[in-house]
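> below: sequence and its predicted model.
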Amino acid sequence: MLQGLSEGLEPWVRSFLASTPLEEDIRFHAASHGALIGILFSFSLLAMLRKPLDKPMLLHFYFIGHLIFLGTLLLTDPALAKQSFFVFILFAVVLCVLFAVYSKRREMLRPQQSRVLNRPLLIMSGIAFLGLLPFIIRGITGQIDDGDMQFRWGEGAALGLTLAYSGYLTATSRPGARTLGILQSLAYIYMGLASITLPHYPGSWGVLGGTAAIVYGLVYGALVLQQLSSESSWKALESVPS
């Protein structure tokens, strides 16, 4: 978490805690790392410090998010994946420990609560996916063409895919959806601010894209708070057809 958040400050503050020395032209890529590792992954675990058994979907998201991250690395840069095999081992150890100590494993893998899709949140997630699609495609192609053996472009694609999946999870209204939605809102606002700060850097969403991300994050966060007034809101939505 500390490394992710520290590198996430790179658009504004150069940090010695960055995972690799960052050249000037890849400073924006550090924002993707900050959003994915520092906000989405780390904060989802922090949120589970309070009543973790009431939020199995957060742990589900944590698992699938890491699989998306590792899968993107493996598919877009097999040579780098082989070179960075220790990352796979490290993530596997962490995930196995979490799986071993979490008593509601069934809920984490296959939630018993019926899926009740929240249409406004599902529509918002669809809009976000359309907006993220060029960013995802550019990240994949950029990583395939990258000869520097750094997972910078690919991590942006992994971030986009993870945000898209987390949007769907939030729309299911299962326990933990409200917290996950708030984390997404923070990630969009953060990426928007980083884009406005570094509008012309490779990978940046630019001023217009950054502004749109901030507006979307604020609207989405407000909608999540309004639609999912509590972590048990799925009960109130059971009568709504999915």
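Sure, I can see it.

> may I have the phi/psi pair for the nearest residue to residue 25 once chain neighbours are set aside?
The shortest distance from residue 25 to any non-neighbouring residue, by Cβ to Cβ, 6 or more residues apart in numbering, is to residue 202 (5.9 Å). Using the backbone N, CA and C atoms, a C-beta is placed for each residue, glycine as well. The phi and psi torsions at residue 202 (degrees, to the nearest 10) take the values phi -60, psi 130.

> let me see the ranges of the helices in this protein.
2-8, 29-33, 42-47, 56-76, 78-83, 85-101, 105-109, 119-144, 153-171, 177-197, 206-227 (DSSP state H).

> buried deepest among the ones you listed, which one?
helix 29-33 (a mean of 28; mean count of other Cβ atoms under 10 Å).

> so for the residue nearest to residue 25, what's the pLDDT?
The model reports residue 202 with a pLDDT of 91.

> kindly report the same for the one 5 residues further on.
According to the predicted model, the pLDDT of residue 207 comes to 96.

> isn't it right up against residue 200?
No. With contacts counted by Cβ atoms under 8 Å, residue 207 stays clear of residue 200, the gap being 9.3 Å.

> re the thing from before, dump the residue contacts of the residue nearest to residue 25.
Neighbouring residues of residue 202 by Cβ atoms under 8 Å, 6 or more residues apart in numbering: 25-26, 28-29, 142.

> can you give me how far stretch 217-224 is from the chain middle?
16 Å (Cα atoms, centre = their mean, to the nearest Å).

> CA atoms of it as PDB?
C-alpha atoms of stretch 217-224 as PDB (Å, rounded to 0.1, in the frame of the first residue of the first chain):
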ATOM      1  CA  GLY A 217     -16.300  10.000 -10.300                       C
ATOM      2  CA  LEU A 218     -18.300  12.600  -8.400                       C
ATOM      3  CA  VAL A 219     -21.600  11.600 -10.100                       C
ATOM      4  CA  TYR A 220     -20.900   7.900  -9.700                       C
ATOM      5  CA  GLY A 221     -20.000   8.300  -6.100                       C
ATOM      6  CA  ALA A 222     -23.100  10.200  -5.300                       C
ATOM      7  CA  LEU A 223     -25.200   7.700  -7.200                       C
ATOM      8  CA  VAL A 224     -23.600   4.800  -5.200                       C
END
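
> and the contacts of it?
Residues from elsewhere that reach stretch 217-224 (Cβ under 8 Å, 6+ apart): 120-121, 124, 128, 170, 177-178, 181-182, 184-189, 192.

> quick check: mean pLDDT of that stretch?
On average, stretch 217-224 scores 96.

> go on, stretch 63-79?
93.

> how about residue 74, nearest residue that isn't a chain neighbour?
That would be residue 81: by Cβ to Cβ, 6+ apart, it lies 4.6 Å from residue 74.

> what sits against the one you found?
By Cβ under 8 Å, 6+ apart, the residues touching residue 81 are 70, 73-74, 88.

> ok, residue 120 touching residue 227?
Yes. Here residue 120 reaches residue 227: they are 6.0 Å apart, a contact under Cβ under 8 Å.

> where are the low-confidence patches of the chain?
Residue ranges of the chain with pLDDT under 70: 15-22, 111-115, 149, 230-242.

> any idea how far residue 138 is from residue 166?
The gap separating residue 138 from residue 166 is 20 Å, by Cβ to Cβ, to the nearest Å.

> check contacts around residue 88.
Residue 88 neighbours (Cβ under 8 Å, 6+ apart): 70, 81.

> again with residue 121
167, 170-171, 173, 181, 223-224, 227-228.

> and residue 57, by the same measure?
Contacts of residue 57 (Cβ under 8 Å, 6+ apart): 108, 111, 169, 172, 174-177, 180.

> that one and residue 229, how far apart?
Distance, residue 57 to residue 229, by Cβ to Cβ: 17 Å.

> same check, this time on residue 116
Taking Cβ to Cβ, one finds residue 116 at 14 Å from residue 229.
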